[in-house]
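K.L.:
this is a predicted model, with the sequence first.
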Amino acid sequence: MLREYEVTIISRADLPESESQKLLGKYEKLMVSDGGEILKKDAWGSKKIAFPMKKHHRGVYTNYDFIGTSANLSEMERLMRIDEDILRYMSVYLGENVDPTVRKDQIAKAAIAAREAANSEFRMDKE
């Protein structure tokens, strides 16, 4: 049964870009295996961390909204726990029996609404 999850991964900021992409690609493959699908990927970039994690003061944040099985999520979490390049992760269960096409449309509409709200707020500030 496919469920919707949101996963935020904080990886080491000192990794080269190619290594970082390879690292995230490994977890993306797990997300899409067994019929899963990535609905949204947001790369938030490198940010200062409030407190040191594994002796690192900066981390690269990446957020995923995906549909997959609980077994795939469990395996992904197991691998992230032992991966030295992953500083922290958080996974949140969002829903069950999710239709990927409907969710993609909802996410796209929410993004458009957020952009329009930001633009209207920007216009109001100029007036």
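P.N.:
That came in fine, so what should we check first?

K.L.:
ok, which stretches of the chain are helices?
P.N.:
Ranges of helices in the chain, per DSSP state H, are 17-32, 70-82, 100-126.

K.L.:
can I get these in CSV with distance to Asp42 and mean pLDDT?
P.N.:
For the C-beta atoms, the positions are set from N, CA and C on the backbone; glycine is no exception. What follows is these, written out as CSV (distance: least, C-beta to C-beta, whole Å; pLDDT from 0 to 100):
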stretch, distance to Asp42, mean pLDDT
helix 17-32, 12, 93
helix 70-82, 17, 94
helix 100-126, 10, 79
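
K.L.:
dump the ones you listed to JSON lines, plus mean neighbour count.
P.N.:
Shown next, in JSON lines, are these (neighbours: other C-beta atoms under 10 Å):
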{"stretch": "helix 17-32", "mean neighbour count": "15"}
{"stretch": "helix 70-82", "mean neighbour count": "15"}
{"stretch": "helix 100-126", "mean neighbour count": "11"}
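
K.L.:
which one of the ones you listed lies closest to Ile10?
P.N.:
Ranking the helices of the chain by distance to Ile10, with C-beta to C-beta as the measure, places helix 70-82 first at 10.0 Å.

K.L.:
Arg3 touches Tyr93, doesn't it?
P.N.:
Yes - assessed by C-beta atoms under 8 Å, Arg3 is found in contact with Tyr93 at 6.5 Å.

K.L.:
which of the two has more neighbours?
P.N.:
Neighbour count, other C-beta atoms under 10 Å: between Arg3 and Tyr93, Arg3 has more, with 18 against 11.

K.L.:
pLDDT value on that one, please?
P.N.:
You'll see Arg3 listed with a pLDDT of 91.

K.L.:
repeat for the one 4 residues further on
P.N.:
You'll see Val7 listed with a pLDDT of 96.

K.L.:
tally of neighbours for it?
P.N.:
Using other C-beta under 10 Å: Val7 sits among 20 other residues.
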